[in-house]
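K.L.:
Mind looking at a prediction? Sequence and model below.
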Amino acid sequence: MQKLDSREVYANAWMTVREDGILRADGSRGIYGVVDKPQYALVVPLDGDRLHLVEQYRYALNLRRWEFPQGTAPERAESEPGELAARELREETGLRAGRMTDLGLLDVAPGMSSQRGRVFLATELEQGEPEREHEEQDMRTAWFTRAEFEAMIAKGEITDAQSLAAYTLLLLHERNSVDA
């Protein structure tokens with residue numbers, strides 16, 4: 001597939017939407033709408049058998065949702081993923097990690113978005129004060145056992161795709177650590 005042209009349809013500080021004219025392998029033309037967003041980091045805070053989650057209002061869904069701390073920083077788009085992860089953890093939960101382990105890469109919605117993110121396991125945690133952004137002022141945080149976390153998934157209380165995928169990366173990491 002070849003990109004013939006591209007035009008920006010919409011832009012704000014957090015994202016741009018573009019429409020690309022394309023030429024397919026069979027010679028036919030088409031268009032793709034693409035949402036461009038900066039990289040994000042997601043953090044799985046783990047203390048023994050407990051996972052630390054945040055609950056916040058997600059405007060597009062008109063719902064409050066539990067998920068792992070995660071985010072992006074358009075003004076720091078070139079930041080190292082580990083730095084972004086530590087920042088998000090500190091901002092949203094107040095936690096500081098003595099150890100951060102890179103668990104892997106996630107693509108948010110590759111059929112429509114260029115956004116990718118790194119998942120980190122945060123351990124050796126120390127509690128501090130959250131440093132939330134204005135939009136995060138109503139955020140809540142809590143610790144959940146793995147059994148509680150998995151029950152919340154089963155009941156549809158945790159539906160964030162990135163959090164579910166991150167948990168899978170954690171399970172694979174732990175299984176591979178045991179096998180090693």
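P.N.:
It's in. Remember, it's a predicted structure, so these values are computed and weren't measured experimentally. Numbering: from 1, shown residues only.

K.L.:
can we go C-alpha only for contacts and neighbour counts from here?
P.N.:
OK.

K.L.:
Confirm that residue 169 sits in a helix.
P.N.:
Yes. Using DSSP: H, G, I helix; E, B strand; the rest coil, the secondary structure at residue 169 is a helix.

K.L.:
Let me see the contact set for it.
P.N.:
Counting by C-alpha atoms under 8 Å, 6 or more residues apart in numbering, residue 169 makes contact with 103-104.

K.L.:
Could you do residue 102 as well?
P.N.:
82, 118-121.

K.L.:
Let's see that with 6 Å instead.
P.N.:
Contacts of residue 102 were listed using C-alpha atoms under 6 Å, 6 or more residues apart in numbering, and they are residue 120.

K.L.:
Equivalent analysis for residue 105, please.
P.N.:
By C-alpha under 6 Å, 6+ apart, the neighbours of residue 105 are 117-118.

K.L.:
What of residue 30?
P.N.:
21-22.

K.L.:
cool, residue 106 as well?
P.N.:
The contact partners of residue 106, by C-alpha under 6 Å, 6+ apart, come to 116-117.

K.L.:
roughly how far apart are it and residue 1?
P.N.:
The gap separating residue 106 from residue 1 is 23 Å, by C-alpha to C-alpha, to the nearest Å.

K.L.:
Near residue 109, how many other residues are there?
P.N.:
Using other C-alpha atoms under 10 Å, residue 109 has 12 neighbouring residues.

K.L.:
these two touch, right, residue 122 and residue 97?
P.N.:
Yes. Proximity of residue 122 to residue 97 meets the contact threshold set by C-alpha atoms under 6 Å, at 5.5 Å.

K.L.:
Of the two, give the one with the bigger neighbour count.
P.N.:
Legend: neighbour count by other C-alpha under 10 Å for residue 122 and residue 97, higher for residue 122 (24 against 19).

K.L.:
how about the more buried one, secondary structure?
P.N.:
strand.

K.L.:
tell me which residues form a beta bridge with it?
P.N.:
Per DSSP bridges, the residues bridged to residue 122 are residue 45, residue 100.

K.L.:
and the closest residue to residue 53 other than its chain neighbours, backbone torsions?
P.N.:
Nearest residue to residue 53, sequence neighbours excluded (C-alpha to C-alpha, 6 or more residues apart in numbering): residue 68, at 4.9 Å. Phi and psi for residue 68, reported as degrees, to the nearest 10, are phi -80, psi 150.
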